[in-house]
Structure formats: C-alpha cells, structure tokens
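Participant: Okay, predicted coordinates and the sequence, questions at the end:
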Amino acid sequence: MASRIRQGDTVEIISGDDRGLRGAVQLLVSRGARVIISGANIVKKHQRPVRAGRGQVQPGIIELEAPVHISNVMLVCSKCDRPSRVRFVRNEDGRAERVCKRCGEAID
Ligand SMILES: [Zn+2]
C-alpha cells in the first residue's frame, strides 16, 4: 500500500496549535502513522547531563519536533500550492502515482 505522505513532502497541519503551519516531512515514524515535520509541534525537553560514551550531552532545555499523526496533516500540492487530498493512479510502469484532487495534476 502506497503511502499518502512521503519523506520530503511539504505538508500543512490542519489541527491543533500549529494549524496552518507548513513544513517538510523529515521522517515517517510509527510505520508511517506519524510524521516529523521540521519546525512543527515543538516540544521542550529538560535534559539532564548524561555521559554517553566519550561525549557529554548538553544539559538544559532542548527543543525538538514531536511526531504529528498523519490525520492531522494534509499534503500540500506542489502544482497548485494548496493542501489537497490525493488519489492514487497507476501509471504505465504500474507504479502508484499521487494525483491532487484539486487540480488533477500528478504530485510526484
Ligand atoms: Zn494541486
């Protein structure tokens, strides 16, 4: 089953505090159920100094992107620049291609 959202895609967050924010998908996690989006869903973690091997982790507050469930994001079409639903169309080589439901253009 081809995934609706892929690494490197631009997505828009459609719910929560970051609604309306756009970012690039950095990583798919939880078997593709969640994505890490650069600059979105920032959480602060309090990091205690930990000795890990030869290096020492910086103590203090670190900010990192928490995974966002894919139901809370929408793919931004690279052709019409709007958050869009996609449908899958099989192309000549049998590969599933994503097509924007708004403008009808292939996204990949
Ligand atoms: Zn489009």
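Facilitator: Okay, I see it. Residues are numbered from 1 along each chain as shown.
Participant: Secondary structure element for the nearest residue to residue 39 once chain neighbours are set aside, which one?
Facilitator: In space, and not counting its chain neighbours, residue 39 is closest to residue 23: 4.9 Å by CB to CB, 6 or more residues apart in numbering. Placement of C-beta: from N, CA and C, glycine included. Assessed by DSSP states H and E, residue 23 sits inside strand 22-29.
Participant: List the buried residues of that strand.
Facilitator: 22-25, 28 (16 or more other CB atoms under 10 Å).
Participant: How about stretch 66-79?
Facilitator: 67-68, 70, 72-77.
Participant: State the distance from residue 88 to the ion.
Facilitator: 15 Å (CB to the ion, to the nearest Å).
Participant: Looks to me like that residue is in a strand.
Facilitator: Yes - secondary structure of residue 88 (DSSP: H, G, I helix; E, B strand; the rest coil): part of a strand.
Participant: Show me what from this structure comes close to the ion.
Facilitator: 77, 79-80, 100, 102-103 (CB under 5 Å from the ion).
Participant: could you redo the last one with a cut-off of 8 Å?
Facilitator: By CB under 8 Å from the ion, the residues of the chain that approach the ion are 77-82, 84, 100-105, 107.
Participant: avg pLDDT for stretch 19-34?
Facilitator: The average pLDDT within stretch 19-34 is 95.
Participant: Pull up the distance across it, start to finish.
Facilitator: 16 Å (CA to CA, to the nearest Å).
Participant: pLDDT on stretch 70-85, on average?
Facilitator: Average pLDDT, stretch 70-85: 96.
Participant: Would you mind pulling the contact partners of it?
Facilitator: 4-5, 9-16, 22, 32-35, 37, 86, 98, 100-103, 105, 107 (CB atoms under 8 Å, 6 or more residues apart in numbering).
Participant: same thing but at 7 Å, please
Facilitator: Stretch 70-85 is touched from outside by 4-5, 9-16, 22, 33-35, 86, 100-103, 105, 107, with contacts defined as CB atoms under 7 Å, 6 or more residues apart in numbering.
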